[in-house]
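*Asks:* Just need the structure, nothing else, for what follows:
(4 chains)
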Protein chains: 2
Amino acid sequence: MNRIPAHPDPAEIALQQVLEALVDPVRRSIVTQLAQAAEDVKCGGFDLDVSASTATHHFKVLREAGLIRQYYVGTSRMNSLRDEEFEQVHPGLLGAIVAAESSRRPRKPVG
Amino acid sequence: MNRIPAHPDPAEIALQQVLEALVDPVRRSIVTQLAQAAEDVKCGGFDLDVSASTATHHFKVLREAGLIRQYYVGTSRMNSLRDEEFEQVHPGLLGAIVAAESSRRPRKPVG
DNA sequence: CTGCAAGTTTGATGGCTGTCAAACTATGAT
DNA sequence: ATCATAGTTTGACAGCCATCAAACTTGCAG
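*Replies:* Numbers count the residues shown, from 1 in each chain, chains lettered A, B, ... in the order given. Predicted coordinates:
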């Protein structure tokens, strides 16, 4: 069964909606963690300081802004970044934000 | 007399504040109009659909986010984009947003 | 079938922010 | 001085949105 609602085409999404999605620090954290992850990440696999219901809300906003892709594996909802599709529509935007976000908090000391 | 408050260094401004500034469509319109203008623009010279007091508020937010520079000429407050300083801190970010905003409404047909 | 694990939905709430009108300040012109 | 122009400040208000708890759904394991 497909329990995941529609994934809109990033080309049809207004910049306004994209920025509204990315202005929230929790959502930006999700995007950054996805960008740094090697594999797709399930909802429970993120390091977030909000309740599960709030997290669900944030994932929905990101999905409807065309920023992430979601699919089920068992009871786990997997997430991946739609970075390549997004790059076609808004070149450099996602990369610049992820870079700005990442540089602020280095995950691991170099070396 | 200097009636203009401090212009913070863009390097000291969190990405969060920058995105909060740019998520508002009126403020993004100001930035885009500045990016497309050949000369500095006075507050009254923008095409905005809000009252003067609201416009003042938006200019203040942009200035405090390190995105614009302001100075007086007579009773006119002039505005210019701090794009070069900004590029040093968040490379590609401002350009990507201005590009995305501009491409949505082509000012002039090509050719 | 029972129980558990992972997420979702719903409803309510609190804080933030964009908005305006009105009163005000500062500068330049007559 | 007087007036007009350009913009600011203050105070109030409305709408939005992130947040949570509680109840619910779905799928898997035994």
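*Asks:* and the residue most central in space within chain A, what element?
*Replies:* With distances taken as Cα atoms, centre = their mean, A:Val31 lies nearest the centre of chain A, 3.5 Å away. Assigned by DSSP states H and E, A:Val31 falls within helix A:25-36.
*Asks:* The helix or strand just after that helix near DNA strand C at all?
*Replies:* Using DSSP H and E, the helix or strand that follows helix A:25-36 towards the C-terminus is strand A:41-42. Yes. Residues of strand A:41-42 contacting DNA strand C under Cβ under 7 Å from any atom of the strand: A:Lys42. C-betas here are computed from N, CA, C, even on glycine.
*Asks:* Which residues does strand A:41-42 contact?
*Replies:* A:33-34, A:73, A:76-80 (Cβ atoms under 8 Å, 6 or more residues apart in numbering or on different chains).
*Asks:* Could I get the contacting residues of A:Ser29?
*Replies:* Per Cβ under 8 Å, 6+ apart, neighbours of A:Ser29: A:46-48, A:101.
*Asks:* got any ranges where chain A has weak pLDDT?
*Replies:* A:1-2, A:104-111 (pLDDT under 70).
*Asks:* For it, what lies in contact range of chain B?
*Replies:* A:14-16, A:18-20, A:22-23, A:25, A:28, A:90-93, A:95-97, A:99-101, A:104 (Cβ under 8 Å from any Cβ of the partner chain).
*Asks:* cutoff 6 Å now
*Replies:* By Cβ under 6 Å from any Cβ of the partner chain, the residues of chain A that approach chain B are A:15, A:19-20, A:23, A:90, A:92-93, A:96, A:100.
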